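1. Sequence and predicted model, in that order:
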Amino acid sequence: AQRVTQPEKLLSVFKGAPVELKCNYSYSGSPELFWYVQYSRQRLQLLLRHISRESIKGFTADLNKGETSFHLKKPFAQEEDSAMYYCALLIYNQGGKLIFGQGTELSVKP
Amino acid sequence: NAGVTQTPKFQVLKTGQSMTLQCAQDMNHEYMSWYRQDPGMGLRLIHYSVGAGITDQGEVPNGYNVSRSTTEDFPLRLLSAAPSQTSVYFCASSRLTGGNEKLFFGSGTQLSVL
């Protein structure tokens, strides 16, 4: 079955602490994974995609096919990182469709 | 450039009523999709389309119909609303080149079914 799992509903850290938002996936094909973010009163937007191997706003995510994971990391959290984060998996089927995990709310306290 | 526009922003329905959520994009995107967002469930794909005249079911299609008569528009129809359809609905679009394009989201429609 194709599935994206984010085990933590809420992650609360203090400013300056490291952050890791967990994402595990189940997919028989070659995975393409993304992180989307929804800041308060803003639209969902792409944060980063694994194929680009990029770092956005200090966040990175590495695809680990052995552990079927795509965890999002940041070494020093900032208050403005507080948001809802969604991990997403691209399913290649008639052009592709994106399925999302349950989401993790990140709260960064001062 | 408006991006993805959803209307209405808020709607209250009675059980059994029908309505259409509108979605339009002005970016000439081939791919359009509808999601519902529920607490603890994340975003779940309802229906999607890879071009005019082509639609397909997502993870939770029951109770919803879609059509894609033009590239720009992708309306979502609730034929007989049920309380279980109370949710926030998001429309999203993207280009369709290799499947790695980012989705552009609308601002959402908050629907309550009483």
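-> Yes, it's here.
2. Pull up the residues of chain B that are close to chain A.
-> By CB under 8 Å from any CB of the partner chain, the residues of chain B that approach chain A are B:30-31, B:33, B:35, B:40-45, B:48, B:50-51, B:54, B:56, B:58-59, B:90, B:92, B:96, B:99-100, B:102-103, B:105-108. C-beta here means a position set from N, CA and C on the backbone, and glycine is covered the same way.
3. Which of those fall in strands?
-> B:31, B:33, B:35, B:42-45, B:48, B:50-51, B:54, B:56, B:90, B:92, B:105 (DSSP state E).
4. and the two most separated of those?
-> Across these, the longest distance by CB to CB is 26.6 Å; it joins B:G42 and B:G51.
5. neighbour count winner among those two?
-> Here B:G42 and B:G51 are compared on neighbour count by other CB atoms under 10 Å in any protein chain shown; more neighbours surround B:G42, at 23 against 14.
6. Next, the contact list for the more buried one, please.
-> Residues near B:G42 by CB atoms under 8 Å, 6 or more residues apart in numbering or on different chains: A:Q6, A:Y86, A:F100, A:G101, A:Q102, A:G103.
7. low-confidence ranges in the chain?
-> Chain wasn't specified; assuming chain A. A:93-96 (pLDDT under 70).
8. Sorry, I should have been clearer: chain B.
-> B:1, B:97-100.
9. and chain B, which of the contacts of B:G42 reach it?
-> Answer for those near chain B (CB under 8 Å from any CB): A:Q6, A:Y86, A:F100, A:G101, A:Q102, A:G103.
10. tell me which element the spatially closest residue to B:T7 that is not a sequence neighbour is part of?
-> Distances taken as CB to CB, 6 or more residues apart in numbering or on different chains place B:Q22 nearest to B:T7, at 4.7 Å, with adjacent residues excluded. Counting by DSSP states H and E, the element that carries B:Q22 is strand B:19-25.
11. what comes up buried for that strand?
-> Neighbour counts over strand B:19-25 (16 or more other CB atoms under 10 Å in any protein chain shown) mark B:M19, B:L21, B:Q22, B:C23, B:A24, B:Q25 as buried.
12. separation between the spatially most central residue of chain B and A:R3?
-> For chain B, the residue nearest the mean C-alpha position is B:W34 (2.8 Å; CA atoms, centre = their mean). Distance of B:W34 to A:R3, given as CB to CB, to the nearest Å: 20 Å.
13. What parts of chain A come near chain B?
-> Residues of chain A lying near chain B (CB under 8 Å from any CB): A:6, A:9, A:32, A:34, A:36, A:43-46, A:49, A:51, A:86, A:90, A:92-103.
14. Which members of these occur in helices, if any?
-> In helices, defined here by DSSP state H, there are no members of the residues of chain A next to chain B.
15. Now, of those residues, which are buried?
-> Buried by 16+ other CB under 10 Å: A:6, A:32, A:34, A:36, A:43-44, A:46, A:49, A:86, A:90, A:96-103, out of the residues of chain A next to chain B.
16. which of the residues of chain B next to chain A are buried?
-> Buried among the residues of chain B next to chain A by 16+ other CB under 10 Å: B:30-31, B:33, B:35, B:42-45, B:48, B:50, B:56, B:58-59, B:90, B:92, B:99, B:102-103, B:105-108.
17. For the longest strand belonging to chain A, output the C-alpha coordinates as CSV.
-> Taking DSSP E as the criterion, chain A has its longest strand at strand A:83-91. Provided in CSV are the C-alpha atoms of strand A:83-91 (Å, rounded to 0.1, in the frame of the first residue of the first chain):
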residue,chain,number,x,y,z
ALA,A,83,4.0,25.9,11.4
MET,A,84,2.3,22.8,10.2
TYR,A,85,4.6,20.5,8.2
TYR,A,86,3.4,17.8,5.8
CYS,A,87,5.5,15.1,4.2
ALA,A,88,4.3,14.1,0.7
LEU,A,89,4.9,11.2,-1.7
LEU,A,90,4.5,11.4,-5.5
ILE,A,91,2.7,8.4,-6.9
